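In: Need a 3D model of the following:
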Amino acid sequence: MHRIVYLERASIIAEVRRPDFPHHWVEHARTLQHEVKERLAGATMAIVNKLQIDAELIAALPALQMVAVAATGANNIDLDACRVRGIVVSNIRGYAAHTVPEHVMAMLLALSRNLFAYRQAVADGSWQRCEQFCFFDYPIRDLHGATLALIGSGSLGSGVARLAGAFGMHVLRSERKNALSVRPGYTLFAEALRHADAVSLHCPLTPETGKLIGESELRSMKPSALLINTARGGLVDEAALTRALQEGWIAGAGFDVLSVEPPGDGNPLLTPELLALPNFMLTPHIAWASQPAMQALADQLISNLEAFARGEPQHVLT
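Out: Residues are numbered from 1 along each chain as shown. Now for the predicted structure:
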């Protein structure tokens, strides 16, 4: 009988049905990193979200057969170590194909139309003191006709492309950074950054994509460009982005992720000065978290467990 241990049940708000095979189910609302080893002792299946499952931990868990990641990104799992041990790692796919693109478009709209600055203008009485019917101290740009560069063209990037097309945007699919050739329908990474009025990140965090966007990339973008990141915080050099916003290298940024989550002291994007900027949006990693999306995630999570149990693993990373 499988022993299933769910380490981070509170990370989704959804109904999680029990698998349809014989099992013993244990769940914890939250688990600290130092508690993982003890709680997974004897587990054959582990359900994790953001906790680290490294080689040392894997070596200490001889019964473990499967790691079910309750998310798409699996940079917290040592896939090589799992592969060596024959541990199957499955992730969740496609569940956020609508909710994340909608969040991206919401950020693009808010920043392009300077909604935060105008909302503040009403709150502080600037409009009320205006001598005419409208108050337009801040530039307003349309998405229609603008160029959007997508870094990552999976289900989320493709979903953004679909919505961007409905707004009349011109979409560039960026080739991988430092790629030696360009696939049909793609644009060189550096060229995509140079031409973009907005850049949206949708690639996984790997050793190759860490700090994909740094000072040189930010300086190569148009001063009027926007940067949107709903993927992983580590894709961007946060110190460089802070300078870019303060010094006007780019026009604005919308982020739903940070390099360390939950964030602590010391992240430059969390300073009061930066958070007060009308051209910077930071949301707490909730682009994926619509109610329909969370329920779809929960359903697929259990489906992954059941597929493994019947000998037909799906959504396998190892």
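In: immediately after the helix or strand where E217 lies, which helix or strand?
Out: Under the criterion of DSSP states H and E, E217 resides in helix 215-220. Toward the C-terminus, helix 215-220 is succeeded by strand 226-229 as the next helix or strand (DSSP H and E).
In: And the next helix or strand past that next one?
Out: helix 238-247.
In: For this protein, just list every one of the strands.
Out: Listed in chain order, the strands of the chain (DSSP state E) span 2-6, 23-27, 45-48, 66-69, 88-90, 147-151, 170-174, 186-187, 198-201, 226-229, 252-255, 280-282.
In: Check the offset of the fifth one from the chain's centre.
Out: What it means is strand 88-90. 20 Å (CA atoms, centre = their mean, to the nearest Å).
In: and that strand, average pLDDT?
Out: Mean pLDDT, computed over strand 88-90, is 98.
In: Which elements pack onto that strand?
Out: Here strand 88-90 touches strand 66-69, helix 79-85, helix 291-309, going by 3 or more CB pairs under 8 Å, 6 or more residues apart in numbering; DSSP states H and E. Heads up, the C-betas are built off the backbone N, CA and C, glycines and all.
In: again with the fourth one
Out: Counting contacts by 3+ CB pairs under 8 Å, 6+ apart, strand 66-69 is packed against strand 45-48, strand 88-90, helix 291-309.
In: 10 Å instead, please
Out: strand 2-6, strand 45-48, helix 79-85, strand 88-90, helix 291-309 (3 or more CB pairs under 10 Å, 6 or more residues apart in numbering; DSSP states H and E).
In: In it, which residues are buried?
Out: By 16 or more other CB atoms under 10 Å, the buried positions in strand 66-69 come out as 66-69.
In: Can you redo those residues as CSV, where the extra columns are pLDDT and distance to G165?
Out: Formatted as CSV, the buried residues of strand 66-69 follow (pLDDT from 0 to 100; distance: CB to CB, whole Å):
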residue, pLDDT, distance to G165
M66, 98, 39
V67, 98, 37
A68, 98, 34
V69, 98, 31
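In: Could you check how far T72 is from L180?
Out: Distance from T72 to L180, counting by CB to CB, to the nearest Å: 27 Å.
In: residue ranges with poor pLDDT in the stretch 51-200 of the chain?
Out: Scanning the stretch 51-200 of the chain for pLDDT under 70 picks out no residues.
In: how about 90 then?
Out: 73, 75, 126, 130-132, 134-137, 153, 180 (pLDDT under 90).
In: how about the helices of it, start to end?
Out: Applying DSSP state H, counting those that start in this stretch to the stretch 51-200 of the chain gives helices spanning 55-59, 79-85, 99-112, 115-123, 155-166, 189-195.
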